[in-house]
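just to be clear, the model below is a prediction. Sequence and coordinates:
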There are 2 protein chains.
Amino acid sequence: MSQIAKRTIMTPGPVEAEPRVLRAMSAPILGQFDPAFTEMMNETMAMLRKLFQTNNHWAYPIDGTSRSGLEAVLTSLIEPGDRVFVPIYGRFGHLLVEICERLEAEVHTIECEWGTVFSEDKVIAEFKKVQPKILACVHGETSTGCLMPLERIGRACRDEDVLFVVDAVATIGGVEFKVDDWFVDAAIGGTQKCLSVPSGMAPITYNSRAEAVINRRKKVERGIATEQDQTQPESTIIRSNYFDLSQLQDYWSPRRLNHHTEATSMIYGLHEGLRVLLEEGLQSRFERHIYHEKALIAGIKAMGLELYVEHEQKLPVVTCVTVPNEIDADAVRSFMLTHFGVEIASSFGPLHGKIWRIGSMGYSCRKENILFALSALEATLLFQGAAIESGKGVQAALRYYEA
Amino acid sequence: MSQIAKRTIMTPGPVEAEPRVLRAMSAPILGQFDPAFTEMMNETMAMLRKLFQTNNHWAYPIDGTSRSGLEAVLTSLIEPGDRVFVPIYGRFGHLLVEICERLEAEVHTIECEWGTVFSEDKVIAEFKKVQPKILACVHGETSTGCLMPLERIGRACRDEDVLFVVDAVATIGGVEFKVDDWFVDAAIGGTQKCLSVPSGMAPITYNSRAEAVINRRKKVERGIATEQDQTQPESTIIRSNYFDLSQLQDYWSPRRLNHHTEATSMIYGLHEGLRVLLEEGLQSRFERHIYHEKALIAGIKAMGLELYVEHEQKLPVVTCVTVPNEIDADAVRSFMLTHFGVEIASSFGPLHGKIWRIGSMGYSCRKENILFALSALEATLLFQGAAIESGKGVQAALRYYEA
């Protein structure tokens, strides 16, 4: 195949994969019912429980990219007409709404200005007015670089018998996220961000409250259902076969009832990525992300650039930078990629061209990448005539690292 | 990670991956908008057109396992109440029905005994009675080892303005399948079978007739829609965001409008798998599959075993063998895997325990694998006391190869 360039990827995903993960993915195929493979599936479940900080039985990946995990959870939980509450503070809150609307949920939203987040009290007060079946919320919003505080919302949901569903795609493995302590009923993670596994799988977890809803909708598919399988569910059927968690559970249990053919090489990658993560330790990993974020911020500011988000609820793994006046944001990104092989991101909708988003996630979150990204950004801006401080950014980061 | 055993995989999928594919998958990550990556996306589309033998513009993979491709196509085409006709001749016909029913289609079926197929005339006569919007059919049914003749059905569908959708998951790249010549409106392939790429992607193609239906349902998602994007579709909205082909088209076009994050390493694998396939040549590849099938059949029969399917519509890439009386089918499979590292498959539902299914697909379809599978099967059956011919199976295959 054509030679694949080696990039320095400083976007909010996909980021550079762990080298050990890439090696694992080149291992030969095992059959999906081979005991060597099902043992790996079980090990993956056990490690996912640690990642999500949960004792939930169910913790396994959906075979698709991150949003497949969002859709699998929401499709399996939501029946037409169900009331869902979504606080929106960026693009991925809108995505949750989009998925719920397509499922014919009655969706209620509140929205705040992009670049800000809600207080927990506000969210709790508003959802109580709506009395939804489900409250769905994004934990880390990569489109704006904000982190929503969630510690107390789940407890309030539990008290009102509301299911609390959290999109932790951007934060899982990089920022503290506690499924059990925070009373999260279902959570969805991503592989291609802080886990540093390639895109293509979405780890999920859910507890017995969510499982009860799913099981009432269970129908084993035609062609493999046996006599003991109920043919008609107690509740409305799940509208998707591929995303039917009640059937996926049977595949991820000792019954191993065939559903799809598990994505072998992606499981190898996820399995190895989780091993790398647990060897480092969750807390050390969270601290590493904050440590390098500080170097990045020091460099950006010393260069004379402004952060788009600088409040307490800044997402540690995504740093948004305001594009200086009269600078073409996309031209800068393209120049950095062409000459330095360094990739940073634009944003979506109203923020496109207004901010750059610099990710510092997983394997990409390391000293040389921070220094190289700052060097490339500074040189590019100087070359394009931006009024920034020459030579200051990298020096500030180096002083931080040497301190 | 724990050492992954090297197996000889002779199932109907997943089969052994091409070594070049596995090496390609260990390449470093590229960003999803990196020109080096989008060029690879375009090359993949061009090669998929050759694989499907089509001039369709749209030919790209869905990020999920094979059934994700089935669901993406059907979800994007079917509106609630639409009439769909499905001729069923095995488990995967039932799967098509299952997906359509969950989409609230009005599904009409005919079913024949497992192990047989319909004549084209029968299918044509029956669908004309129903006057459906869509006729959905499996090309190669791995559950029974049968191949449905499709050459004339598409022409009849076109005359009646019916959309002809074909599940070519098991046949693509291994058995002749001509999208344009056979008037197929939409087709779905699989990676983990005759392509010998790991499970986790589903290549699809569809023509302008199918695209017209999809485009009438188009709605760009909230959070990224711009002013020129229509916010309300002309027709009912597609019920899935993840499987919304109208949005995936925007991502697989020069607009590159972000949807999900493309599964980078799987694209590397598919891209390389298609290169390997086109270097061999489609016709040579089809012939290779038939060549080794003959050796396998010669060996099975010389051993004194019976084929479950021996008629003209036998699927060349899956050979089903009747389990002899008083032999435990699963114990044989387990013994073969444990002692020889050779995997063959059971079947589903009514056929479980009654037949073994031996795949000869893609990279797994080569002389040493055929000989090793026959050796392992014979030795296992002898060890378990089956009344078979000792030493005859492998000799028959060797005579075939030496002739």
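Good, I have the coordinates.

please confirm that residue A:266 is located within a helix.
Yes. Residue A:266 forms part of a helix when assessed by DSSP: H, G, I helix; E, B strand; the rest coil.

next up, the contacts around the closest residue to chain B within the stretch 251-400 of chain A.
Proximity of the stretch 251-400 of chain A to chain B (C-beta to the nearest C-beta) peaks at residue A:263, 3.3 Å away. Placement of C-beta: from N, CA and C, glycine included. When contacts are counted by C-beta atoms under 8 Å, 6 or more residues apart in numbering or on different chains, residue A:263 is found next to A:63, A:200, A:201, B:65, B:198, B:199, B:200, B:266.

against which helices or strands is the strand or helix carrying residue A:293 packed?
Counting by DSSP states H and E, the element that carries residue A:293 is helix A:282-302. Contact analysis of helix A:282-302 by 3 or more C-beta pairs under 8 Å, 6 or more residues apart in numbering or on different chains; DSSP states H and E lists strand A:318-322, helix A:367-383, helix A:392-402 as its packing neighbours.

in helices, which of the contacts of residue A:263 fall?
Assignment to helices by DSSP state H places the following of the contacts of residue A:263 there: residue B:266.

still on that earlier bit, which among the helices and strands packed on helix A:282-302 is found nearest to residue B:212?
If you check each of these against residue B:212 by C-beta to C-beta, strand A:318-322 wins as the nearest, at 39.8 Å.

pull out the buried residues from the closest one.
By neighbour count on 16 or more other C-beta atoms under 10 Å in any protein chain shown, the buried set for strand A:318-322 is A:318, A:319, A:320, A:321.

tell me the contacts of the first one?
With contact set as C-beta under 8 Å, 6+ apart, residue A:318 has these partners: A:12, A:140, A:142, A:145, A:170, A:357, A:358, A:359, A:360, A:361.

max pairwise distance over the residues you listed: which two?
Using C-beta to C-beta for every pair in the contacts of residue A:318, the one that comes out farthest apart is A:140 and A:358, at 14.5 Å.

domain-wise, how is chain A divided?
Using automatic domain parsing, the domain parsing of chain A gives A:18-277, A:282-402.

re the thing from before, I'd like the contacts of residue A:318 written out as TSV, with pLDDT and secondary structure added.
Conversion of those to TSV gives the following (pLDDT from 0 to 100; DSSP: H, G, I helix; E, B strand; the rest coil):
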residue	pLDDT	secondary structure
A:12	97	coil
A:140	98	strand
A:142	97	coil
A:145	98	coil
A:170	98	coil
A:357	98	strand
A:358	98	strand
A:359	98	strand
A:360	98	coil
A:361	98	coil
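
which members of those additionally contact chain B?
Counting by C-beta under 8 Å from any C-beta of the partner chain, the subset of the contacts of residue A:318 that neighbours chain B is empty.

filter those down to the buried ones.
In terms of neighbour count (16+ other C-beta under 10 Å), the buried residues within these are A:12, A:140, A:142, A:145, A:170, A:357, A:358, A:359, A:360, A:361.

wait, what's in contact with the first one?
Okay, so that is residue A:12. A:142, A:170, A:193, A:317, A:318, A:345, A:357, A:359, A:361.

nearest to residue A:50 among those?
The shortest gap between residue A:50 and any of the contacts of residue A:12 belongs to residue A:193, at 17.8 Å (C-beta to C-beta).

and the gap between the residue nearest the centre of chain A and chain B?
Centrality entry for chain A: nearest residue to the mean C-alpha point is residue A:169, 1.2 Å, by C-alpha atoms, centre = their mean. Separation of residue A:169 from chain B (C-beta to the nearest C-beta, to the nearest Å) stands at 10 Å.

which element, helix or strand, includes residue A:68?
Per DSSP H and E: helix A:66-77 holds residue A:68.

pull the contacting residues for residue A:127.
Residue A:127 makes contacts with A:85, A:135, A:156, A:157, A:160, A:162, as judged by C-beta under 8 Å, 6+ apart.

with residue A:244 instead?
Counting by C-beta under 8 Å, 6+ apart, residue A:244 makes contact with A:75, A:76, A:238, A:259.

excluding its backbone neighbours, what's nearest the third one?
If I follow you right, that is residue A:238. Counting by C-beta to C-beta, 6 or more residues apart in numbering or on different chains, residue A:238 lies nearest to residue A:244, which is 4.6 Å off, once chain neighbours are set aside.
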